[in-house]
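S.K.: Could you look at this predicted model? Sequence included:
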Amino acid sequence: MAATSTTPTILLNPRNLGQRYPDARSAEVMRKTVEFFETKGKARLKADYHARAWYADFLDFVRHEGIFATISTPAGYGAPDARWDTWRICGFAEILGFYGLQYWYTWQVTVLGLGPIWMSRNEEVKQRTARLLAEGGIFAFGLSEREHGADIYSTEMTLTPVGEGRYVANGRKYYIGNGNAAAIVSTFGKLGGRGTGTGDYVFFAVDPRHERYELVKNVVASQNFVSEYTLHDYPITEGDILAKGQEAWDDALNTVNVGKFNLGWATIGICTHAFYEAIHHAANRKLYGMHVTDMSHVRRMFVDAYARLVAMKLFALRAADYMRSASPRDRRYLLYNPMVKMKVTTQGEDVIDLLWDAIAAKGFEKDTYFEQAAVDIRALPKLEGTVHVNIALIVKFMPGFFFAPEELPDVPRRDDAANDDFLFAQGPARGLGSIRFHDYRKSLAAWDLPNVALLAEQIEVFRELLATAPPDEAQRKDVDFLLAGGELFALVVYAQLILENARIYGVDPALVDQIFDVLVRDFSRHAVELHGRRASNERQMALALRMIRKPVEDAARYDRVWQEMVLPLRDAYEMNP
């Protein structure tokens, strides 16, 4: 049964890739990727998942079709249709997540491994990388370490000078995807050595096939190979150096900006497939003389899950527009990017929880996609080093966001076939406090919807708190307290970009108001958490209580969303068995 609203086309449906692609090769990449998985079928997909089989068939497909070479080679280094195009990268990441996190992961860590290379001034390595991509190579990002995680201040990998332009590398890296089969591992360390070491940061290229590269083990039990590797006096020349000093540091952080944005897109793909499977099961199952979807609590779960999922995609698409339009003068993407990594991925957990409550024990069955989705969705907020890392980052933008808005150029929908040059020339990873934003209040005021207006009232109370009862010095050092305030701030940013994109994509106002029904409840929940923090003072607690609101109920709106947008998805997609 086809949906009568146009809004559901926002969600990926492999049976109808109706998305507009700016060129034939982009459409071909998406179509062939879908065909690979549908031909493989769900039974084989799940058998490989349970057997923890290395995805050699997928990598053979990628090699044969030149998929990674097309979407991961910047313009000028590969075929004429190769470019680094964030819009089509998002679509590709969504498709991979839709079929399995493991397939997304091997590509995701390839993107991270490519970041320091494409940002480098080392043209020889860049040309070699382009050739390796054309041959079907995958890549790895050797950043984190067992004792320090992603705390790159404390990295112990050391590059020691041993002669003119020659070095040896020693150290161990941990949790490095593709470390078993990468063509190049971009490895982060420090320059060391008695009397000659500068302590500067350094990125260098490593070949896992070298005898001085020891592949210690796979640290996880899954289809992915998440390696621990050790370098033993591994020889490095100036020709292997990607960056030194401040540039190496900036490249590490800027690579994360480019690569880990994709966490949100894997989440969207996983949740979309799980949604189709869950509503198909519930709508076609009868209990106590009625369809499961006739039960009021189950309808609420599906409506909330759908509203959250559409909101996730609207926000992530809009954040990609800002990434593609970024420049040294417009770095708003540095707020929206971690929001995709943090907010979209945690919303994905909420979506899966709602769906799981609706389908209950069905979610455990080994032949369902949902069984793996319920496990894999937990990984994504944690692959960025836990949510608090990103909240601690975004709160740095709060003063400028709330109290120093500026008139800035409108950013259009960016689905054009362009190479995103700026992403590999982002410059110094500092100066976040000086970044300015357009006024969020204009986005809220542009929609005459009751729950949008209600959220606007909640936000203004939060703004009053920041103006009249801001965190004192002790509270600013209390991460637990900042997390509560950071969640409220995140919801403001989230709402703003959702509204911008709902207008661009022509989303039905009924669905927009239903999304904001969810956001009003979320804002109230986080206000309660702020009130309950040990560090909250009396003034802050009183203002937190004023933020609590009940959404405006509208039975007609709710029924329309259910009947026209949610329930019609019951038979929209089922994976080829």
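M.R.: Happy to help now that I have it.
S.K.: Remind me what the helix or strand of the chain with the lowest mean pLDDT packs against, helices and strands.
M.R.: Lowest on mean pLDDT, DSSP states H and E among the helices and strands of the chain sits helix 387-394, with a mean of 81. Applying 3 or more Cβ pairs under 8 Å, 6 or more residues apart in numbering; DSSP states H and E, one finds that helix 387-394 contacts helix 333-339, helix 479-504. Where C-beta positions appear, they are placed from N, C-alpha and C, glycine not excepted.
S.K.: Would you mind measuring from V216 to F141?
M.R.: 17 Å (Cβ to Cβ, to the nearest Å).
S.K.: returning to what we had before: chain center to the least confident helix or strand of the chain, what's the gap?
M.R.: In terms of Cα atoms, centre = their mean, to the nearest Å, the centre of helix 387-394 is set 14 Å apart from its chain centre.
S.K.: what's it in contact with?
M.R.: 335, 338-339, 341-342, 345-346, 381, 384, 432, 479, 482-483, 486-487, 489-490, 493 (Cβ atoms under 8 Å, 6 or more residues apart in numbering).
S.K.: ok, of those residues, which come out buried?
M.R.: 335, 338-339, 341-342, 345-346, 381, 384, 482-483, 486-487, 489-490, 493 (16 or more other Cβ atoms under 10 Å).
S.K.: Widest-spaced pair of the residues you listed?
M.R.: T345 and L482 (19.3 Å; Cβ to Cβ).
S.K.: can you pull out the helices in the stretch 401-550 of the chain?
M.R.: 440-445, 450-468, 473-476, 479-504, 509-532, 538-546 (DSSP state H, counting those that start in this stretch).
S.K.: tilt between the longest one and helix 509-532?
M.R.: Just to be clear, that refers to helix 479-504. 170 degrees (axes from the mean of the first three to the mean of the last three Cα atoms, to 10 degrees).
S.K.: Which elements pack onto helix 479-504?
M.R.: In this structure, helix 479-504 packs against helix 296-324, helix 333-339, helix 387-394, helix 398-403, helix 440-445, helix 450-468, helix 473-476, helix 509-532, with contacts taken as 3+ Cβ pairs under 8 Å, 6+ apart.
S.K.: Neighbour count for V216 and F141, which is higher?
M.R.: F141 (29 against 14; other Cβ atoms under 10 Å).
S.K.: SS state for the more buried one?
M.R.: Judged by DSSP: H, G, I helix; E, B strand; the rest coil, the three-state class of F141 is strand.
S.K.: picking up where we left off before, would a markdown table of the helices and strands packed on helix 387-394 with distance to R128 be doable?
M.R.: Shown next, in a markdown table, are these (distance: least, Cβ to Cβ, whole Å):
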| stretch | distance to R128 |
| --- | --- |
| helix 333-339 | 29 |
| helix 479-504 | 39 |
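S.K.: Excluding chain neighbours, give the residue nearest to M339 in space.
M.R.: Distance criterion Cβ to Cβ, 6 or more residues apart in numbering; nearest residue to M339, sequence neighbours excluded, is V493 at 5.7 Å.
S.K.: looking at the helices and strands packed on helix 479-504, which is buried most?
M.R.: helix 333-339 (a mean of 25; mean count of other Cβ atoms under 10 Å).
S.K.: Which SSE is immediately downstream of that helix?
M.R.: Later in the chain than helix 333-339, the nearest helix or strand by DSSP states H and E is helix 345-359.
S.K.: Let me know the average pLDDT across that following helix.
M.R.: Per-region confidence: helix 345-359 scores 97 on mean pLDDT.
S.K.: Now do that helix: distance to the chain's middle.
M.R.: Counting by Cα atoms, centre = their mean, helix 345-359 comes out at 17 Å from the chain centroid.
S.K.: Can you dump the C-alpha atoms of the following helix or strand past that helix in CSV for me?
M.R.: Using DSSP H and E, the helix or strand that directly follows helix 345-359 along the chain is helix 369-376. Extracted C-alpha coordinates of helix 369-376, given in CSV (Å, rounded to 0.1, in the frame of the first residue of the first chain):
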residue,chain,number,x,y,z
TYR,A,369,17.5,-7.9,10.7
PHE,A,370,16.2,-6.4,13.9
GLU,A,371,18.2,-8.8,16.0
GLN,A,372,21.5,-7.3,14.8
ALA,A,373,20.1,-3.8,14.6
ALA,A,374,19.3,-3.9,18.4
VAL,A,375,23.0,-4.7,19.1
ASP,A,376,24.7,-2.6,16.5
